[in-house]
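> Dropping the sequence and predicted coords here.
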Amino acid sequence: MNIVFVIDEFGKSGNGTSISALRMAENLRERGHRVRVVSGTAPGEDNVYLTGIKRYPLLYRLCKAQGMFLAKADEDVLKEAFEDADVVHYFLPFALCRRGKRIADAMGIPSTAAFHVQPENITSTLYLNRLQPINEWLYSKFRGFFDQFDHVHCPSEMIKDQLRSRYYRAKMHVISNGVSPEFRPKTVLKPQAFQGKTVALMVGRLSREKRQDLILKAVAKSPYQQDIQVVFAGRGPWRKKLEKMGKRLHNAPKFLYCTQEELIDLMNVADLYIHASDIEIEAISCIEAFSCGLVPIISDSPVSATNQFALSEDNLFQAGNSDDLEAKMRHLLENSKKKAALSKYYLKYAQNFRVKESVDKFENMLEEAIALYEGEKKTSPVRDA
């Protein structure tokens, strides 16, 4: 197939959505498909048609603080990229993808979309996440875009249910973003800075809705505080706040931004993976962690899909409750045999999320969209000239 991806930001240096898009494109190309990408920015990536990014002062600063950018909707670039395309896939409901959808329709090209951004992610950044009417308004605005498609990719059952409850009409394809086979157990020498320490890791953007603050509060209450080293792998606007909070701990938290290879090594020297986020569509980082044998402790927030990965009550803590998080951490640290057994269970469980399975399902969705479009063309009435 000739496939075109449309996404505001693309590549390894971007956010989770852009990295997932890059991995999917690479895997599709390995299977012989031709994949072009339309994006506002894509540092160092090939086969990309660049539109540039929006730099409205306030919007640009806000997006940059969250580790993302919004692309310009350049019509000429979109038309050039869409030539000879069999299908176009859109990743976000913003200006570039909205313009792209109109152009693809005019050119007679079938298309699919993915739901990667929860309204709660946006309102949390603006300190408005507790105002549910605003979240519902955004879901409604997004529905106007997604209802133009017959097929929508949902990274989790949770977000599928969220969309269904708000009367989104498309067929929902639940497809994990998938984990590369490189994420696996390996022997790694623990760095000197971590020697003699219990490493508690969380990966992801440093922002309010990710609730890294709960980890620091839990460690501050732990009788094992002197032995615990918290590591945050990611960037974001909350770093200064977290650094200030972390000064109260015996071991100040470490902040890292890793390549994939460095992240795999880090996951193989860590002792616990904690996913404290209140809002999450899938959290691929959690799957990557337990694919390396790390045992996770996950928030049970109702608007986070990550809790679907909890294999026992020992892997869940009450959302927003640092006391419960501390208790779950302490329980696993005091029960090494249980933690070792859970690690083995998670390594088997991780096989369900390997990227090959995700690519199979994604291919099927694209083929189904093309077949439906071709069938509709054949059965549509012929109009007299």
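In hand now; what should we look at?
> wait, is I297 part of a strand?
Yes - under DSSP: H, G, I helix; E, B strand; the rest coil, I297 sits within a strand.
> right, and it touches C286 too?
No - counting by C-beta atoms under 8 Å, I297 does not reach C286; the two are 10.1 Å apart. Where you see a C-beta, it was placed from the backbone N, CA and C, and this is true even at glycine.
> joint contacts of these two?
Common neighbours of I297 and C286, counting by C-beta atoms under 8 Å, 6 or more residues apart in numbering, are Y273, H275.
> Comparing those two, which residue is more hemmed in?
Using other C-beta atoms under 10 Å, the more surrounded residue of I297 and C286 is C286, with 28 against 24.
> check which helix or strand covers that one.
Assigned by DSSP states H and E, C286 falls within helix 284-291.
> Name the residues that touch that helix?
Helix 284-291 is contacted from outside by 16, 20, 176-179, 183-184, 201, 203-204, 263-264, 267, 270, 273, 275, 296, 298, 306, 309, 346-347, 349-350, 353, using C-beta under 8 Å, 6+ apart.
> With only the CA atoms kept, save it in CSV.
Provided in CSV are the C-alpha atoms of helix 284-291 (Å, rounded to 0.1, in the frame of the first residue of the first chain):
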residue,chain,number,x,y,z
ILE,A,284,3.4,2.6,26.2
SER,A,285,6.2,3.2,28.7
CYS,A,286,4.5,1.0,31.2
ILE,A,287,4.4,-1.9,28.7
GLU,A,288,8.0,-1.3,27.8
ALA,A,289,8.9,-1.5,31.5
PHE,A,290,7.2,-4.8,32.2
SER,A,291,8.6,-6.1,28.9
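> For A371, give me its contacts.
A371 neighbours (C-beta under 8 Å, 6+ apart): none.
> do the same with K141
P93.
> what packs against the helix or strand that contains D105?
Element membership for D105, per DSSP H and E: helix 95-107. With contacts defined as 3 or more C-beta pairs under 8 Å, 6 or more residues apart in numbering; DSSP states H and E, the packing partners of helix 95-107 are strand 2-6, strand 34-39, helix 75-82, strand 87-90, strand 111-114, helix 132-146.
> Now with 7 Å, please.
Packing partners of helix 95-107 (3 or more C-beta pairs under 7 Å, 6 or more residues apart in numbering; DSSP states H and E): strand 2-6, helix 75-82, strand 87-90.
> buried ones in that helix?
For helix 95-107, burial by neighbour count (16 or more other C-beta atoms under 10 Å) applies to A95, L96, C97, R98, R99, G100, K101, I103, A104.
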